[in-house]
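**Student:** Pasted the sequence and its predicted model underneath.
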Amino acid sequence: MRFKIQNMELEHAHNALKKYFGYDAFRPPQEEIIQTVLNKRDSLVLMPTGGGKSICYQIPAVILPGVTIVVSPLISLMKDQVEALLGNGIPAAYINSSQNFEEMQRIENMLFENKLKLLYVSPEKIVSSSFLPFLKNLPINLIAVDEAHCISSWGHDFRPEYTRMGFLKEQFPDVPIIALTATADKLTRKDIVNQLQLENAEVFLSSFDRPNISLEVRSGQKRIEQILEFIKSRPKQVGIIYCLSRKSTEELASKLKAKGIKAAAYHAQVDPPSRAKVQEDFTNDKIQVVCATVAFGMGIDKSNVRWVIHYNLPKNIESYYQEIGRAGRDGLASETILFFSYQDVNIYRDMFREGDSANQELQNAKLDSMLQFADAQICRRRILLNYFSEVYNEDCGNCDICKSPPKYIDGSKYAQMAISAVTRLEQQVTMGLLVDVLRGSARHEIIEKGFDKIKTYGVGRDVPVFEWQSFVWQMVQNGIFEIAYDDYHKLRLLPICKEILQGNKQLQLFKPLSIRERDELNKKYTVTKTKVDTSRIRARNALFDDLREFRRQLAVEKGIPPYIIFSDATLAEIAGRVPMTETSFRSISGVGELKWQQLGEIFIKRIKNFIDENPDFMKSGNVETTNPKLPVKTKSESKIPTSKQTYDLYKTGLSVEEISEQRFLSPSTIHSHLIKHYTQGDPIEIYQVITDEEISTISAAIEKLPDNAKTSEIFQYLEEAYSYDKIRWVLAFKQKGVK
């Protein structure tokens with residue numbers, strides 16, 4: 001009987017997903033998480049930003065009787081999420097310090113009248129003794145603790161109230177609790193479970209991989225020029241630039257504005273009304289660029305941030321991962337750039353030394369990991385994912401190292417120059433000063449100290465600054481020099497120096513790319529990354545731009561952020577498929593029932609107007625729908641299921657990634673479509689998507705687990721070494737009984 005009930009509940013969950021959010025299927029492992037909630041079990045969900053964490057508690061909220069309480073750390077985040085839910089037809093509200101008594105009273109009345117499905121509250125509110133009696137009178141079906149990593153690590157300072165939320169399980173022992181975060185190592189996960197007093201909690205660990213985000217590290221030389229060129233080539237894309245200090249955010253924002261770029265600074269010292277204005281303008285696409293300290297980002301539920309730049313090196317990988325996660329939440333291609341300067345390392349070392357001595361060793365260790373990432377000579381994604389204990393053995397093809405593997409040279413002569421200079425300067429120079437001496441700089445400090453009189457002054461003037469900086473840092477990494485952090489970061493000679501000076505040991509160094517070489521490489525990859533016809537791309541992009549402008553106009557009229565109307569991913573799919581009927585429009589991912597009722601017909605009208613005004617659009621073969629007013633009459637897309645469209649592209653020889661890009665769907669969705677056709681018996685060469693070795697390894701793991709083992713359990717048993725998609729392929733393989 002319980003099995004039938006579970007099936008009914010899951011059917012309700014799938015119906016709600018389509019009705020309210022416009023999605024045909026759950027992403028792994030959303031369905032298993034939702035089933036755990038429906039079984040009234042506690043859970044900890046670790047899922048990357050943009051991975052669909054909120055769905056895991058919002059779906060149970062709408063199908064279960066009662067109300068779900070969501071603990072959220074920022075007022076702006078609550079506001080955005082509530083607006084998005086209301087836009088999807090789900091009754092939700094928030095209670096926080098920004099409201100007056102009348103507003104709170106109205107919401108309380110709605111709760112007692114069972115007119116709300118979700119209530120968002122701050123951690124301060126939920127731990128207050130005055131709020132508990134009110135909660136006790138509500139029919140609570142679930143408590144969701146968002147940004148749960150605030151319970152541990154740096155979160156203690158950000159939201160100390162998170163550490164007091166263990167009382168929730170004491171006061172509501174029969175209510176399931178779901179804790180959600182995008183970043184938490186093993187110790188933090190254990191801390192979350194202990195502090196929330198979760199009982200036998202199911203732990204769901206999704207892959208940290210964000211394949212739609214490109215990773216790139218650049219030299220800190222000429223950062224302003226590089227940033228201006230980057231933004232100039234992306235005039236319609238919005239992004240965030242993270243800076244180390246409030247002064248640098250203001251200076252950078254001023255320089256960008258002087259070049260005609262709509263930019264603003266954001267940091268903790270800006271007065272609250274001004275900060276709120278910057279955030280609101282950015283959310284509503286009135287500002288293209290925000291130059292911010294790390295204080296900015298957590299409260300942003302904006303899905304169409306296309307790029308994130310780090311003006312300075314982050315102090316640890318956790319911070320870096322959180323911050324680049326602001327980009328590409330809609331699943332579309334997004335870019336990240338990290339400017340690497342050794343001066344940033346020195347600043348952090350000084351900060352750690354002057355701060356809490358108890359954490360100094362841990363902070364330095366985390367900074368070392370960040371340095372290893374920034375100074376990587378292998379695929380950066382492998383380093384990033386391996387840091388979070390997710391084994392990733394393949395090169396990603398979407399980072400600067402994969403696109404241009406390091407070219408090694410015999411660096412012995414450069415090492416000899418540097419060693420000689422440090423020796424003659426009696427080990428009293430920093431890395432930056434050493435480079436200036438080798439380059440023959442006439443800066444005041446060098447002349448004043450007489451450093452221009454040594455034999456090796458200017459011996460490396462023909463080597464660019466960025467190359468020397470890289471070479472000297474590689475020498476540190478290779479144990480030639482040591483940095484004396486307790487003596488103003490001066491370089492110290494290590495024993496190997498003697499062998500190199502005498503020519504008894506050779507040193508291999510990799511040659512960094514110049515800005516021009518990097519730009520040429522990026523242009524090359526932009527041109528060659530896809531087989532899709534360029535004329536069709538141009539036409540499709542023109543429609544996308546038109547729909548985006550139409551969305552902006554509607555957003556202004558409604559007084560809501562543009563992405564709440566439709567995400568960029570939904571607009572891109574509309575532009576790619578050009579739906580002209582109710583059936584075809586409602587099949588677009590992200591178009592729920594209310595969205596169709598409120599927006600469907602006016603968007604179809606906009607598409608028709610665009611086609612009337614752009615007759616050449618039809619020649620590029622974009623329109624897939626039958627319409628008597630249109631000159632092209634092809635098969636109606638309403639008659640072609642979305643999985644069949646994927647399969648048809650697969651049969652033309654396109655890869656999963658190419659199909660994903662052409663259809664504006666995630667690779668995971670493409671895998672789901674192909675798995676469906678594979679299990680139906682349609683011809684698919686399985687070894688094109690998974691190797692024989694992977695099948696054997698995953699199959700062996702499945703055999704050791706119970707017959708009803710969940711995909712997440714298989715994923716964890718394999719120590720996260722294989723993606724959910726790989727596991728699903730093997731399950732399909734075994735289902736077909738292939739030996």
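**Tutor:** Yep, it's here.
**Student:** use CA for all of it now, contacts and neighbours both
**Tutor:** Noted.
**Student:** Looks like I126 contacts F134 (just checking).
**Tutor:** No - I126 lies out of contact with F134 (C-alpha atoms under 8 Å); the separation is 10.2 Å.
**Student:** who has more neighbours, those two?
**Tutor:** For I126 and F134, the more surrounded residue by other C-alpha atoms under 10 Å is I126, and the numbers stand at 23 against 11.
**Student:** what about the strand or helix carrying that one, average pLDDT?
**Tutor:** Here I126, judged by DSSP states H and E, is contained in helix 123-127. Mean pLDDT, helix 123-127: 87.
**Student:** Which residues outside that helix are in contact with it?
**Tutor:** For helix 123-127, contacts defined as C-alpha atoms under 8 Å, 6 or more residues apart in numbering pick out 71-73, 96, 131-132, 159, 161-162, 164-165.
**Student:** Go again with 6 Å.
**Tutor:** Residues outside helix 123-127 that contact it (C-alpha atoms under 6 Å, 6 or more residues apart in numbering) are 71, 161.
**Student:** and it, how far from the chain's centre?
**Tutor:** Taking C-alpha atoms, centre = their mean, to the nearest Å, one finds helix 123-127 lying 28 Å from the centre of the chain it belongs to.
**Student:** Any idea how far the helix or strand that comes right after that helix is from the middle of the chain?
**Tutor:** In the C-terminal direction, the helix or strand that comes right after helix 123-127 (DSSP H and E) is helix 132-136. The chain centroid and the centroid of helix 132-136 are separated by 36 Å, computed with C-alpha atoms, centre = their mean.
**Student:** Give me the helices and strands touching the very next helix or strand once past helix 132-136, please.
**Tutor:** The helix or strand immediately downstream of helix 132-136 is strand 140-145, counting by DSSP H and E. Packing partners of strand 140-145 (3 or more C-alpha pairs under 6 Å, 6 or more residues apart in numbering; DSSP states H and E): strand 67-71, strand 177-181.
**Student:** mind giving me TSV with those strands and columns for mean neighbour count and mean pLDDT?
**Tutor:** Below are the helices and strands packed on strand 140-145 laid out as TSV (neighbours: other C-alpha atoms under 10 Å; pLDDT from 0 to 100):
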stretch	mean neighbour count	mean pLDDT
strand 67-71	25	96
strand 177-181	26	94
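**Student:** Take these and write them to JSON lines, including distance to D375.
**Tutor:** Shown next, in JSON lines, are the helices and strands packed on strand 140-145 (distance: least, C-alpha to C-alpha, whole Å):
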{"stretch": "strand 67-71", "distance to D375": "38"}
{"stretch": "strand 177-181", "distance to D375": "28"}
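**Student:** For G220, see how far away R516 is.
**Tutor:** Note on R516: its distance to G220, by C-alpha to C-alpha, to the nearest Å, is 14 Å.
**Student:** Who has more neighbours out of the two?
**Tutor:** G220 (20 against 9).
**Student:** residue ranges with poor pLDDT in the stretch 51-200 of the chain?
**Tutor:** For the stretch 51-200 of the chain, the stretches with pLDDT under 70 are 152-159.
**Student:** So what touches stretch 205-220?
**Tutor:** Contacts for stretch 205-220 (C-alpha under 6 Å, 6+ apart): 46-48, 333-341, 398-400.
**Student:** Now find how far off-centre that stretch is within its chain.
**Tutor:** 7 Å.
**Student:** can you tell me the distance between the two ends of it?
**Tutor:** This stretch, stretch 205-220, spans 35 Å end to end (C-alpha to C-alpha).
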